[in-house]
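> Generate a structure from the sequence data that follows.
(2 chains)
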2 protein chains.
Amino acid sequence: MPPFLSISRRTRRTPFTDRVTAAGVSAYTIYNHMLLPTVFRSVTEDYRHLKTAVQVWDVACERQVEVRGPQAAELVQMLTPRDLSDMIIGQCLYTPMVDETGGMLNDPVTVKLDEDRYWVSIADSDLLFWVKALAHGFRLAVDVFEPDVSPLAIQGPQADELASRVFGDAVRSIRFFRYKRLSFNGAELVVARSGYSKQGGFEIYVEGAQHAEPLWDALFEAGRDLDVRAGCPNLIERIEAGMLSYGNDMTRANTPHECGLGRFCDTRSAIGCVGRDALLRVAKEGPLKQIRYLEIEGDAVPPCTEPWLVRAGDEVVGQITSAALSPDFGTNVAIGMIGRDFWEEGTLLDVMAPDGGRRARVRAGSWL
Amino acid sequence: MPPFLSISRRTRRTPFTDRVTAAGVSAYTIYNHMLLPTVFRSVTEDYRHLKTAVQVWDVACERQVEVRGPQAAELVQMLTPRDLSDMIIGQCLYTPMVDETGGMLNDPVTVKLDEDRYWVSIADSDLLFWVKALAHGFRLAVDVFEPDVSPLAIQGPQADELASRVFGDAVRSIRFFRYKRLSFNGAELVVARSGYSKQGGFEIYVEGAQHAEPLWDALFEAGRDLDVRAGCPNLIERIEAGMLSYGNDMTRANTPHECGLGRFCDTRSAIGCVGRDALLRVAKEGPLKQIRYLEIEGDAVPPCTEPWLVRAGDEVVGQITSAALSPDFGTNVAIGMIGRDFWEEGTLLDVMAPDGGRRARVRAGSWL
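Residues are numbered from 1 along each chain as shown, chains lettered A, B, ... in the order given. Coordinates of the predicted model:
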């Protein structure tokens, strides 16, 4: 049995927490000092439902770092090696963010709200501290703060149907990683086609906590015949989908290239990025290890609560950082980082799981 | 029943986690992306034991930000309004840290290891990001990183006795908020007289994870007749002791003056602090609200998982952020922030606890 979680003000509730509790959440993690549900019925049951119906997720823990002011674009470009010069209002971009040595600080989605206004929708680290200090150190004309914005996700094959019932048919024509401002409860909310699953859906940036419960209730009211349920990012599905988790599959110790995110490093054009020089060097030499997807043999693996060493014979050649049994693929699906001599598709390796050694096989890509 | 906690690599285990598990931990919180035990037997039983015997605490989550290099002292002074010009090697200082507007970013203990080397032993925020970005923005000649240092605390009336059995009698003469380097397991560990209780004791900065379990085992072996137990910061005792918790009792929204930490703001001399100008203004005008200790009437309060409004009649005049029933004082002890017109000792107020309104009384100070 897992341990209990003690909740205090520091592990912040979200504007949806009362609804999540009423929906029967059974486990949480803490993410950006905030409650993030991890299980409702069971990870496997939640998985089945996510893949066949539609779920509403409290992902308020995806906090926003708002950057606003005449030098906002300049500052946001300092954060990421991805070239943002062509980014348009209405667009969302996955933007690895790095320190001056090219180490990953976060892998947020950046939302361009206006020419001088951005939301950086963050993974689990206090990126706000980094952005604020850069703004201060470089004396930039910007405001940097955490606004009252709590994302709510609609994910699953019926997401378009459910969202359209609440926001109208306009949602259906939202393109991938684009957003529209749509009316709800007297407000204009940013509704983006995005989310931390490959089942399709939306993230609604609920600006103003007073809209949170009305939106939750409207979605559940509208989706009753769709079997809409409260859900959350699902461990199995997100590994199948090959979605990395900052803090799990990568840390500050890693470059974007090690994370397989080299395609987002336009270091030639993105000259403003503070990590550019370091990443030019990395791009030239190539990473010595990189994220790979692996199948692990045997019964269901235990929870991966710390990196599991990966060996080729006696040599340690990598580590596994996320793993779970996939009902649909009939194998344990896993994400790890593997040394360059051993990362080719089909390579057979040994994983030192806590319940014993297991054979594993490197794949060409993720499952979904 | 509280919810379960899902543990992953992201919610980092500590070098002591296997021992903590074996000792029967029943609940955790997450602190600096790391496991922090909150309960072993029960909060009340842990409290009784802490006050009468001796406990060993896994506080590895008090991560260190190491600042090293020719401009280390300059950078550390930029972080805090406390004047560090007289700080000597061997000293630890409680150092509120603020942003450029004087908002609290963390309230760590700073440890001076050498003229050009410091550990900032942090509360729950990624202060590393702030420090790294300042170093980068101001082009300072420093390295800033998280070293492999995991504090282990010995707390309780028998702490001197237990610590001396493992480290020798030298521990007895360590002064409050000073440290000595003492031998263990072939290493020289920083042993400081400090800790997050008022029962007395030490924090050992275990540098090198390989020393963690040997130290834990040595303490339990040496302390068998002292009834040494695994423990953790205790909610009741820390409120009685008036010890603030960053994220609970104060946030970025608060100045040190609001937190009752104005005595640590030597803004006249600490001219390097980035928040100095803002805090000079605050010091001049005085805070409009401030931390106060309050007794709340009635049976045991429920867990304080979000701020409880405090009213005087119909007017909201403050909030409670930490509260628990104190067996020793026979009342609910609480920490809150109260407006200046209502913060005098003896003022009677109404607390909007989730189970109903209760009378509360402002105290002159904490209980211990």
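> Can you name the helix or strand that A:A163 falls in?
helix A:159-167 (DSSP states H and E).
> ok, the next helix or strand after that helix: who's next to it in the sheet?
Using DSSP H and E, the helix or strand that directly follows helix A:159-167 along the chain is strand A:179-184. Strand pairing for strand A:179-184, using DSSP bridges, gives strand A:187-192 (antiparallel).
> Convert the strand it pairs with to CSV, retaining C-alpha atoms only.
What follows is strand A:187-192 as a C-alpha-only set of coordinates in CSV (Å, rounded to 0.1, in the frame of the first residue of the first chain):
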residue,chain,number,x,y,z
ALA,A,187,-15.5,35.2,-19.8
GLU,A,188,-13.4,34.6,-22.9
LEU,A,189,-11.2,31.6,-22.1
VAL,A,190,-8.2,30.4,-24.0
VAL,A,191,-9.1,26.9,-25.4
ALA,A,192,-6.2,25.2,-26.9
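> Next, the buried residues of that strand.
Of all the residues in strand A:187-192, those buried under the rule 16 or more other CB atoms under 10 Å in any protein chain shown are A:189-192. Bear in mind the C-beta positions are built from the backbone N, C-alpha and C, glycine included.
> nearest to B:G298, of those?
Nearest to B:G298, judged by CB to CB, of the buried residues of strand A:187-192 is A:L189 at 41.1 Å.
> what is that closest one paired to in the beta sheet?
Using DSSP bridges, the bridge partners assigned to A:L189 are A:L182.
> so what's it up against?
A:181-183, A:204-207, A:211, A:215 (CB atoms under 8 Å, 6 or more residues apart in numbering or on different chains).
> In terms of pLDDT, where does A:S269 sit?
For A:S269, the pLDDT comes out at 75.
> Does it touch A:S85 like I think?
Yes. If you go by CB atoms under 8 Å, A:S269 and A:S85 touch, sitting 6.6 Å apart.
> So those two - more neighbours on which side?
Counting neighbours by other CB atoms under 10 Å in any protein chain shown for A:S269 and for A:S85 shows that A:S269 has the greater number, 15 against 11.
> Tell me the spacing between the more buried one and chain B.
Note on A:S269: its distance to chain B, by CB to the nearest CB, to the nearest Å, is 21 Å.
> mind listing the helices in the stretch 151-300 of chain A by residue range?
Here the stretch 151-300 of chain A has its helices, by DSSP state H, counting those that start in this stretch, at A:159-167, A:212-222, A:235-240, A:276-285.
> how far away is the residue of the stretch 101-250 of chain A found nearest chain B from B:V274?
Here the stretch 101-250 of chain A gets closest to chain B at one residue, A:G137, 1.5 Å apart by CB to the nearest CB. Taking CB to CB, to the nearest Å as the measure, A:G137 falls 9 Å from B:V274.
> quick one, what contacts A:D299?
Here A:D299 is in contact with A:L325 (criterion: CB under 8 Å, 6+ apart).
> low pLDDT regions in chain A?
Residues of chain A meeting the criterion pLDDT under 70: none.
> Quickly list the domain ranges of it.
Chain A breaks down into these domains under automatic domain parsing: A:17-62+A:148-239, A:64-145, A:288-368.
> interface residues of the stretch 51-200 of chain A facing chain B?
A:99-100, A:105, A:124-127, A:129-134, A:136-138 (CB under 8 Å from any CB of the partner chain).
> helices and strands around the longest strand along chain A, which ones?
If you go by DSSP state E, chain A has its longest strand at strand A:315-326. When contacts are defined as 3 or more CB pairs under 8 Å, 6 or more residues apart in numbering or on different chains; DSSP states H and E, strand A:315-326 sits against helix A:235-240, strand A:289-296, strand A:308-312, strand A:331-339, strand A:348-353.
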